[in-house]
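[1] Here is a sequence together with a model predicted from it:
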Amino acid sequence: MNKWLRGIMLVMIIGLLLGFSQTRALAAEEPAPAVVEEAKDQTTGIKAIAAAVAIGVVAAAGAVAMALSISKSAESIARQPEAAGQIRTSLMLGLVFIETAIIYALIVAILIVFVL
């Protein structure tokens, strides 16, 4: 794994942990209503940032994976044109699985924003 990818993942994990720890700390106490309203505003922003970072990283990783798989399949078809049908079928199946992972990340990001 590349160093920059590890760094991005580390920053994302730290951001998520900070967001969830602040939410739990705010839920543990019973402050005045004005403080509760201000705290909700802060956690909403953190949730939005966490969701945006999560979907951004997953979308970028999915785009790279799709590009690599399309590149390799085109190379394979160029080397063995008689196997083009089987290669294309495997490519489409792989692309569907990659896109499914991206859609799951989108669902998780939506859940972070609206449910938590």
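    Received, thanks. For clarity, every value in this text was computed on a predicted model and none was experimentally measured. Numbering: from 1, shown residues only.

[2] Remind me what the helix or strand hosting residue 87 packs against, helices and strands.
    Following DSSP states H and E, one finds residue 87 within helix 84-114. Counting contacts by 3 or more Cβ pairs under 8 Å, 6 or more residues apart in numbering; DSSP states H and E, helix 84-114 is packed against helix 33-79. (C-beta placed from N, C-alpha, C; glycine too.)

[3] Can you pull out the low-pLDDT segments for the chain?
    Within the chain, the segments meeting pLDDT under 70 span 1-5, 7, 9, 11-12, 15-41.

[4] With residue 99 as the reference, measure out to residue 114.
    Separation of residue 114 from residue 99 (Cβ to Cβ, to the nearest Å): 23 Å.

[5] quick one, which of those two is more surrounded?
    Taking other Cβ atoms under 10 Å, residue 114 and residue 99 do not tie; residue 99 has more neighbours (13 against 9).

[6] got the contact list for that one?
    62, 66 (Cβ atoms under 8 Å, 6 or more residues apart in numbering).

[7] and what of the one 3 residues further on?
    If a contact means Cβ under 8 Å, 6+ apart, then residue 102 has 58-59, 62 as its contacts.

[8] Can you tell me how far it is from residue 54?
    Using Cβ to Cβ, residue 102 is found at 11 Å from residue 54.

[9] Generate a PyMOL selection restricted to the buried subset of the contacts of residue 102.
    This is the PyMOL syntax for the buried subset of those, where burial follows 16 or more other Cβ atoms under 10 Å:
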select buried, resi 58+62
